[in-house]
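Student: The following block contains a protein sequence and its predicted model.
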Amino acid sequence: MMEEEKKAAVKAEIKFLAGPQNRWKELQFAIKVLFEFIKGFRALHFVGPCVTVFGSARFKDGHPYFEKTEELAARIAQLGFTIMTGGGPGIMEAANKGAKEAGGRSVGCNIVLPHEQQHNAYLDKWVNIKYFFVRKTLLLKYSYAFVVMPGGFGTMDEYFEALTLIQTRMISEFPIVIFDTKFHADLIEHINLMKRELTISPEDTSLFLVTDSVDEAVAYIQKNSIAKFNLQPEKPKRPFRWLGEKA
């Protein structure tokens, strides 16, 4: 996508979120969003059961977080899951790299930004999405588990979106793994504060696992996703060639 198109997409979302607009403009924006969803559905329909890995785009290859993400994603891919990420650099690249080098499948749902993010080199398939809220929905839609690696605002947004949907039973109780206890210590303390102040239910803290162990994370996903939902190897879906679909 050309830089001018990226900038136009960002400006369109900024304008949409700035309050009421001309009705025709809002209808046009709604139609664009619909087509973004359809584009995502078409690209990701055949990827199989996924585990989505959230994390910062800022860690480079060789950083301990990068290397641990690679290791964990490889192990999850060996369970038969497709590894899905936001498709960019950093933790996302590490997860896709780990899956790819372990012989697993690796997909990305990349956000279109003017200057920051390009899809990484370890993706078997990816889709470029213009709007954050569409991308976040797609990252959740195809996954049977979620892994939260160290990250920033975007990672926390994605984590709490998944957790809220599970807590409110809007999606099934898929497992969430928060990896690296030291990095997330203050986050967990705040969640425990919410429990003490009764803004969440006592049982809500059982909706995720906090760990430093790859083995524990993999076992947790295996028990609470594969075994719990009786996941079986999928027969390959047959693409409709007349719709231009590709497996």
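Tutor: On my side now, so go ahead. Residues are numbered from 1 along each chain as shown.

Student: which residues in this protein form helices?
Tutor: 3-16, 23-44, 64-78, 91-101, 132-141, 153-167, 185-196, 214-221 (DSSP state H).

Student: deepest of the ones you listed, which one?
Tutor: Taking mean count of other CB atoms under 10 Å as the contact definition, the stretch among the helices of the chain with the greatest mean neighbour count is helix 91-101, which reaches a mean of 27. Glycine gets a C-beta too; all of them are placed from N, C-alpha and C.

Student: what's the angle between it and helix 64-78?
Tutor: Interaxial angle of helix 91-101 relative to helix 64-78 (axes from the mean of the first three to the mean of the last three CA atoms, to 10 degrees): 40 degrees.

Student: In CSV, list the C-alpha atoms belonging to helix 91-101.
Tutor: The C-alpha atoms that make up helix 91-101 are tabulated as CSV, following Å, rounded to 0.1, in the frame of the first residue of the first chain:
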residue,chain,number,x,y,z
ILE,A,91,7.6,-10.0,19.7
MET,A,92,5.4,-10.5,16.7
GLU,A,93,8.3,-11.4,14.5
ALA,A,94,9.8,-13.6,17.2
ALA,A,95,6.5,-15.6,17.5
ASN,A,96,6.2,-16.0,13.7
LYS,A,97,9.8,-17.0,13.4
GLY,A,98,9.5,-19.6,16.1
ALA,A,99,6.5,-21.2,14.5
LYS,A,100,8.0,-21.1,11.0
GLU,A,101,11.3,-22.6,12.0
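
Student: any idea how far it is from the chain center?
Tutor: If you compare the mean C-alpha spot of helix 91-101 with that of the full chain, they lie 13 Å apart, counting by CA atoms, centre = their mean, to the nearest Å.

Student: Please apply the same query to stretch 57-75.
Tutor: Using CA atoms, centre = their mean, the distance from the centre of stretch 57-75 to the centre of the chain it belongs to is 16 Å.

Student: ok, residues contacting that stretch?
Tutor: For stretch 57-75, contacts defined as CB atoms under 8 Å, 6 or more residues apart in numbering pick out 53, 55-56, 83, 86, 88-99, 101-102, 104, 116-117, 147, 149-150, 152, 179-180, 183, 214, 217-218.

Student: With stretch 10-19 instead?
Tutor: When contacts are taken as CB under 8 Å, 6+ apart, the neighbours of stretch 10-19 outside the stretch itself are 21, 25-26, 29, 32, 112-114, 130-132.

Student: what mean pLDDT would you report for it?
Tutor: Throughout stretch 10-19, pLDDT has a mean value of 79.

Student: Please consider this matter closed, and thank you.
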